[in-house]
Every structure is written in C-alpha cells, then in structure tokens.
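>>> Predicted model and sequence below, questions to follow.
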Amino acid sequence: MTGERLDGRYVKLWAASTTSALGSGLATVAAPLLIASRTDEPLVVSGGFAVAWLPWLLFALPGGVLVDRVDRRKLMIILDWIRVPVVALLAVAITAGDVEIALLYSVLFVINASEVVFRTASGAMLPAIVPKSLLERANGRLYAGTTLSHGMLSGPLSGFLFGIAASIPFYVNAGTYAVSALLLGLIAGAYRSRPGDDPGVRRSMRSEVAEGFRWLAGQRLLRTMVGLIGMLNLTLVAATSVLVLLAKERLQLGAVGYGLLFTCMAVGGLLGSVTGDRLIAWCTPTWTLRIGLLIEAATHLVLATSTNAPVVGVTLFLFGVHGALWGIVGSSLRQRLTPPDMLGRVGSTSLFIIAGGNCVGALLGGAVASKFGLTTPYWAGFVVAVLVSALTWRVFDRAVVSAAYAEEPAVSR
C-alpha cells in the first residue's frame with residue numbers, strides 16, 4: 001500500500017455523495033412532518049413511505065443497465081440537476097401555501113427514483129478512481145459520510161428548519177443537489193464501463209438484467225452475502241417497524257428515548273465506518289462476516305428478552321458497528337470480483353434484493369406483532385439469524401474469502 005492514497009477525485013466523489021445524502025435526509029424527515037401537518041389519516045401518512053420505497057423496486061434493475069451503458073459521472077450529474085428543480089418546485093408550492101399531497105408524493109417518487117440510480121452509479125464508479133487495496137477505506141469513508149449526514153445530522157436539522165418554515169428543508173435539499181452536481185463536474189475523466197461500445201448497438205434491457213442476475217447467481221460468495229443481507233434485512237425491518245411499541249411498552253421510553261435508540265445505532269455505524277478498514281484487516285474479512293452473524297442473532301435475542309434500555313442501547317450500538325463492517329466488506333468484495341462492465345447491474349441486483357427484503361419486512365412486522373405478540377418478530381429474527389449462521393458459516397471460510405480478495409475480475413463478454 002506504499003504510496004497509494006485516496007486522491008482528489010475520490011474526495012470530490014465523497015463530498016458530492018455526502019452532500020446529496022444530507023439533502024435526501026432532510027426531505028425524508030420533512031416529508032412525513034409536512035403530510036402530518038395536512039392530515040391525521042394514517043393511510044395517507046404511510047403512503048408517503050410506500051411512495052419512497054417503490055422506486056427501489058421499480059428502478060433498481062433497469063437503473064443498473066443504464067449505469068453500465070453510459071458515463072457514470074455524467075449520469076450522476078444529470079440525476080442531481082433533475083432533482084434540483086423538482087424539489088425547488090415543491091418548496092415554492094409550500095411557501096405559496098398551495099401544496100397538495102399528490103405533489104409531495106410525486107416529488108418523493110422522483111427523489112428516490114433518482115437516488116437508487118445515483119447510488120448504483122457511485123458504487124460502480126468507485127473502483128475506477130480508487131486502488132483496489134484501498135477499497136475498504138474508500139467504502140468506509142463513504143459509509144461514514146452518509147451515516148453522519150443522513151443518519152445523524154439530517155433528522156435534528158430538518159426538524160429545526162421545518163419549525164422555522166415548512167419550506168426551508170426542501171429549499172436546502174434542492175441546494176444540496178446543486179452542490180453535489182457541481183462537485184461531480186470537477187472530477188476529471190470519463191467513466192464509461194464499455195468505452196469501445198457503439199452507442200447505436202444495444203442489447204435488450206431484459207437480456208442485460210438477466211446477464212447481471214446470472215453472473216451474480218454464479219458467484220457463491222457474493223450470492224450468499226446478498227441473499228443473507230436480504231433475509232436479515234427482512235427480519236431487521238420487521239423488528240424495527242414495531243420498535244417504537246417495544247420502546248414504549250417494555251423499555252418505558254418516551255419519544256426522546258426512542259430516538260436515542262436509533263442514535264446509538266447511528267453512532268455505532270459511524271464508528272464502524274471510520275475504523276472499518278483497520279478493524280477488517282485486524283479481524284480478517286472472514287471473521288468480520290462470521291462475528292457479524294453472531295451479532296445479528298444476539299441483537300434479536302436482546303430485543304426479545306430485555307427490558308433494560310441501556311442494554312438495548314449498547315446492543316444497537318454494536319449492531320451499528322457490525323452493519324457498517326458488513327457493508328464495507330460486501331461492497332468491496334463486489335467491486336473486486338465484478339467485471340467493470342457489469343458493476344452497475346450486479347450492484348443494482350443487490351439493491352433490488354435488499355429493497356425487497358425491506359418492503360416485505362415492513363409489511364410483516366406489524367402483522368406478526370399484532371397476531372402473535374410484540375416480541376414475536378424479535379424471536380423470529382433470532383431463529384432466522386441462528387439458522388442462516390449455521391447454514392452459511394462454511395461459505396465464509398478463510399481460504400475462500402482470501403481467494404476472493406486475491407482474484408482479478410474477469411471480462412464478462
């Protein structure tokens with residue numbers, strides 16, 4: 001690693017991604033506040049979350065094809081400039097007192113449709129500007145920036161700005177997308193995955209999506225990780241969807257205490273992101289993955305059994321560290337192993353599977369808790385985590401993971 005460093009191109013990409021994440025976080029928090037100020041109908045409020053999640057299922061796969069067809073940097077700039085006037089229009093409508101719920105839904109849809117493609121393009125572009133030996137550090141810094149801006153700063157900042165005027169978080173959001181676009185414009189170079197392709201010759205989108213699925217399905221290590229994350233996210237989202245009730249009824253926490261539980265997880269995620277490359281090198285990727293499986297199981301067990309708020313807070317802090325480390329290892333392995341011309345499709349396939357787990361988990365959590373009791377989602381999560389740990393433990397053998405880290409990505413075609 002002597003002489004290798006994260007250069008100015010990476011710094012600009014990091015700054016653009018972090019700024020964009022802050023803006024998206026402001027809108028994510030301000031949108032339900034705005035809806036709740038207009039109506040107390042639960043279905044209308046929950047509809048905002050549904051509209052925000054829907055693009056991740058609709059556009060993840062075609063977005064990956066697009067990322068593999070065009071210059072990834074230019075695509076990210078276009079997506080930012082699309083979002084600037086859309087969000088600004090909403091802010092102006094709020095200022096004028098003429099905002100409709102349908103307009104808010106539409107803006108949320110555009111923001112998140114752009115975000116899923118933007119995130120795929122960012123992940124696909126990273127290996128072109130970062131030495132392979134520094135991928136863990138680069139991914140860790142990106143996770144840290146996103147965790148800090150989206151997970152920790154955007155919530156209180158959006159609430160404060162919304163309290164001054166409902167339109168301000170959206171004006172600021174539009175500004176962050178403009179800043180992100182300008183920063184990306186300063187990155188030198190072209191980032192087409194297939195520079196020799198004839199733009200007039202295209203295979204069908206379906207065939208390219210299928211190619212990404214087939215390639216991922218043929219990679220035992222990567223497909224296991226993606227499947228695991230999808231399954232574990234299903235149980236995690238099912239658990240967190242009723243965490244507010246657990247905090248109130250079993251932990252005797254109010255609104256502030258409930259919010260602090262997520263702060264604990266975010267602080268853990270930030271710590272894991274900043275120190276991730278060193279922790280992974282010390283622990284080895286194999287044991288990072290295996291210990292993470294044990295932390296998954298332990299987290300659900302503590303949530304199912306504990307009535308002690310500090311114990312739950314510490315557990316969620318450790319879970320945040322684990323989540324960041326798993327994200328770093330997973331992203332770095334995918335970027336190392338995937339052929340450059342398929343990074344968009346393989347990354348978007350992963351996002352699609354993970355988003356599917358999130359959506360199903362959100363639906364299951366409340367339904368299971370209502371029918372079988374509040375702690376049932378946590379017991380189910382514990383059982384699932386134990387089972388998948390037993391079934392996949394040997395997949396993360398040190399020799400297998402080490403070989404993956406040493407392997408050069410093949411050319412897909």
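Perfect, I can see it now.
>>> Going by C-alpha atoms from here, please, whenever you check contacts or count neighbours.
Will do.
>>> roughly how far apart are Ala404 and Asn112?
33 Å (CA to CA, to the nearest Å).
>>> more neighbours, the two?
Asn112 (21 against 17; other CA atoms under 10 Å).
>>> Tell me which residues of the helix or strand where that one lies come out buried.
Using DSSP states H and E, Asn112 sits within helix 101-129. Across helix 101-129, burial judged by 16 or more other CA atoms under 10 Å covers 101, 104-129.
>>> what about Met342, how many neighbours?
Neighbour tally, Met342, other CA under 10 Å: 28.
>>> got it, and the one 4 residues further on?
By other CA under 10 Å, 30 other residues sit near Val346.
>>> Let me know the helix or strand that the closest residue to it other than its chain neighbours is in.
Spatially, and ignoring its direct neighbours in sequence, Val346 is nearest to Gly212 (5.3 Å; CA to CA, 6 or more residues apart in numbering). Here Gly212, judged by DSSP H and E, is contained in helix 205-217.
>>> Residues in contact with that helix: which ones?
By CA atoms under 8 Å, 6 or more residues apart in numbering, the residues outside helix 205-217 that reach it are 61-62, 64-65, 222-223, 342, 345-346, 349.
>>> For it, which residues meet the burial criterion?
Across helix 205-217, burial judged by 16+ other CA under 10 Å covers 208-209, 211-213, 215-216.
>>> Also stretch 52-71?
By neighbour count on 16+ other CA under 10 Å, the buried set for stretch 52-71 is 52-57, 59-71.
>>> Show me what the helix or strand harbouring Trp14 is packed up against.
For Trp14, the host element (DSSP H and E) is helix 8-38. In terms of contacts (3 or more CA pairs under 8 Å, 6 or more residues apart in numbering; DSSP states H and E), helix 8-38 is packed against helix 42-58, helix 101-129, helix 135-146, helix 154-164, helix 168-185.
>>> Swap in 6 Å and give it another go.
Judged by 3 or more CA pairs under 6 Å, 6 or more residues apart in numbering; DSSP states H and E, the packing partners of helix 8-38 are helix 135-146, helix 154-164, helix 168-185.
>>> winner for burial among the ones you listed?
Comparing those by mean neighbour count (mean count of other CA atoms under 10 Å), helix 135-146 comes out on top with a mean of 25.
>>> What helices and strands are in contact with that helix?
Checked by 3+ CA pairs under 6 Å, 6+ apart, helix 135-146 has helix 8-38, helix 255-283, helix 309-337 packed alongside it.
>>> any low-confidence regions in this protein?
Per-residue confidence for the chain (pLDDT under 70) gives these ranges: 1-4, 40-50, 193-202, 241, 255-256, 259, 362-363, 366, 407-413.
>>> hmm, 50 instead?
Confidence mapping of the chain against pLDDT under 50 gives the ranges 1-2, 195-200, 411-413.
>>> What residues of the helix or strand harbouring Leu246 count as buried?
Element membership of Leu246, judged by DSSP H and E, is helix 243-249. Across helix 243-249, burial judged by 16+ other CA under 10 Å covers 243-247.
>>> Next: stretch 263-282.
Buried-residue list, stretch 263-282, by 16+ other CA under 10 Å: 263-277, 280.
>>> Check which helix or strand Asp80 maps to.
Asp80 belongs to helix 72-95, assigned by DSSP H and E.
>>> Who are the packing partners of that helix?
Checking 3+ CA pairs under 6 Å, 6+ apart, helix 72-95 ends up next to helix 101-129, helix 168-185.
>>> and the angle from the helix holding Trp14 to helix 72-95?
30 degrees (axes from the mean of the first three to the mean of the last three CA atoms, to 10 degrees).
>>> so how far is helix 8-38 from its chain's centroid?
Here helix 8-38 is found 13 Å from its chain centre; the criterion is CA atoms, centre = their mean, to the nearest Å.
>>> Check stretch 244-255 too.
On CA atoms, centre = their mean, the centre of stretch 244-255 falls 26 Å from the chain's centre.
>>> now swap in stretch 303-311 and tell me
27 Å.
>>> buried ones in that stretch?
303-304, 307, 309.
>>> can you dump the C-alpha coordinates of it into PDB?
In PDB, the C-alpha atoms belonging to stretch 303-311 read as follows (Å, rounded to 0.1, in the frame of the first residue of the first chain):
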ATOM      1  CA  LEU A 303     -34.600  -7.100  21.900                       C
ATOM      2  CA  ALA A 304     -36.900 -10.100  22.600                       C
ATOM      3  CA  THR A 305     -35.900 -10.600  26.200                       C
ATOM      4  CA  SER A 306     -34.500  -7.300  27.700                       C
ATOM      5  CA  THR A 307     -36.500  -4.600  29.500                       C
ATOM      6  CA  ASN A 308     -33.300  -2.600  30.200                       C
ATOM      7  CA  ALA A 309     -33.000   0.400  28.000                       C
ATOM      8  CA  PRO A 310     -29.200   0.900  28.400                       C
ATOM      9  CA  VAL A 311     -28.600  -2.800  27.500                       C
END
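>>> which residues sit against that stretch?
250-251, 375, 378-379 (CA atoms under 6 Å, 6 or more residues apart in numbering).
>>> 10 Å - rerun?
239, 243, 246-247, 249-253, 257-258, 261, 298, 302, 312-313, 315-317, 374-382 (CA atoms under 10 Å, 6 or more residues apart in numbering).
>>> cool, stretch 359-370 as well?
Against stretch 359-370 from outside (CA under 10 Å, 6+ apart): 50, 53-54, 56-57, 230-243, 245, 355-356, 358, 373-378, 380.
>>> How about the backbone phi and psi for Asn308?
Taking degrees, to the nearest 10, you get phi -100, psi 110 for the backbone angles of Asn308.
>>> ok, now which ones touch the closest residue to Pro85 other than its chain neighbours?
Among residues not flanking Pro85 along the chain, Ala174 sits closest, at 7.2 Å (CA to CA, 6+ apart). By CA under 10 Å, 6+ apart, the contact set of Ala174 is 20, 23-24, 27, 80-91, 168.
>>> how far away is Ala174 from Asp98?
19 Å.
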